[in-house]
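Visitor: sequence unavailable; structure follows:
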């Protein structure tokens, strides 16, 4: 009964990192993948099986130096990533359609197709020219997150050691205003708490967290304290809970795995995938998958994910809680390894 109900409602996820695979020769959206074999979470057959009707497909650009040459390289990468999302919708037009408004989502769902909104994780590729935001908007971008793992030209990150601005930079304030003018949703995931508060204070619309969690369950920099979650909800925003194991609980790798990871990082010069170009990241991920098979990583559980979800529901109520599991971006837990397990969330919520 729970699974039947799950498949009868529109199910969206606010953070699908799957476009990172769209230009990979080994990925085929129309063919069912297997996380245990290829490390992927999302494709068309598994969307049908798990009842995932779409969501926000991510234009992600890794953080680099704050200089004009790096901004240009990042901009080109982001443009190509947006093109890959549009290409996917064109190639699979019988099954997928780009969405630009909420009304589009309702119509596309009613027609039995998958919904493809676009979001940008990390505004770094905009450089210092905010007119680029309108260019991406015209291409279909409808959600924007100012910052990622490290501070950039727009804001302080939740996971950077040093604060630069104490929240948004002056350019970041201009970014919020331009997003409001265009009609983009503002995403506070990865932002420092002070950045989030600045976004709430300045924005004329509510902000969301596309893939975050509550500090009340696990005190991690990527999670938010109760008072800030309540502030987001009272402003009309929504907190989407992620399934990234390291943000759900403390996970301790075995000594053998730790040594293998250090050796892998030395071979590539870094273990930070956000600092790699697409080809290097693909090679790194292939070696990492082999390493994972030999020395399995510690994984969080579906029960721990539900603890985060239920805690947030109790705190702010169901109008202000959603799901952004970070599929194909590190998400997934034991008991919910890919999107085919999404009906388990519905069943647990019904229970």
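Guide: Yep, that arrived. Keep in mind that this is a model prediction, so the values were computed, not measured. Residues are numbered from 1 along each chain as shown.

Visitor: the nearest residue to residue 126 once chain neighbours are set aside: what's it in contact with?
Guide: Of all residues not flanking residue 126 in the chain, residue 132 sits nearest, at 4.7 Å (CB to CB, 6 or more residues apart in numbering). Glycine gets a C-beta too; all of them are placed from N, C-alpha and C. By CB atoms under 8 Å, 6 or more residues apart in numbering, the contact list for residue 132 reads 75, 125-126.

Visitor: for residue 132, give me phi and psi.
Guide: Main-chain torsions, residue 132, degrees, to the nearest 10: phi -60, psi -30.

Visitor: return the member of the contacts of residue 132 nearest to residue 306.
Guide: Closest approach to residue 306 among these (CB to CB): residue 125, at 35.3 Å.

Visitor: surely that closest one is in a helix?
Guide: Yes: under DSSP: H, G, I helix; E, B strand; the rest coil, residue 125 sits within a helix.

Visitor: next up, the contacts around it.
Guide: If a contact means CB under 8 Å, 6+ apart, then residue 125 has 61, 71, 74-75, 77-78, 132 as its contacts.

Visitor: buried sites along whichever strand or helix holds residue 282?
Guide: In this assignment (DSSP states H and E), residue 282 forms part of helix 278-294. Burial within helix 278-294, assessed by neighbour count using 16 or more other CB atoms under 10 Å, is assigned to 281-282, 284-285, 288, 291-292.

Visitor: over to stretch 306-321?
Guide: Across stretch 306-321, burial judged by 16+ other CB under 10 Å covers 306-309, 311-313, 315-316, 320-321.

Visitor: what separates it from the chain centre, distance-wise?
Guide: Average the C-alpha atoms of stretch 306-321, do the same for its chain, and the two points are 19 Å apart (CA atoms, centre = their mean, to the nearest Å).

Visitor: and residue 297, what pLDDT?
Guide: Predicted confidence (pLDDT) for residue 297: 85.

Visitor: wait, I meant residue 320
Guide: What the model reports for residue 320 is a pLDDT of 98.

Visitor: cool, and residue 274?
Guide: For residue 274, the predicted pLDDT is 66.

Visitor: what about the closest residue to residue 207 other than its chain neighbours, how many residues nearby?
Guide: Spatially, and ignoring its direct neighbours in sequence, residue 207 is nearest to residue 186 (4.5 Å; CB to CB, 6+ apart). When neighbours are defined as other CB atoms under 10 Å, residue 186 has 24 of them.

Visitor: could I get the contacts of residue 132 as a markdown table with distance to residue 43 and pLDDT?
Guide: Converted to a markdown table, the contacts of residue 132 look like this (distance: CB to CB, whole Å; pLDDT from 0 to 100):
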| residue | distance to residue 43 | pLDDT |
| --- | --- | --- |
| 75 | 28 | 97 |
| 125 | 26 | 97 |
| 126 | 30 | 98 |
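
Visitor: from these, which is closest to residue 248?
Guide: residue 125 (29.4 Å).

Visitor: rewinding a little: so the residue nearest to residue 207 is in which element?
Guide: strand 185-187.

Visitor: hmm, back to that, need the contact list for the residue nearest to residue 207.
Guide: Neighbouring residues of residue 186 by CB under 8 Å, 6+ apart: 143-146, 176, 179-180, 199, 203, 205, 207-208.
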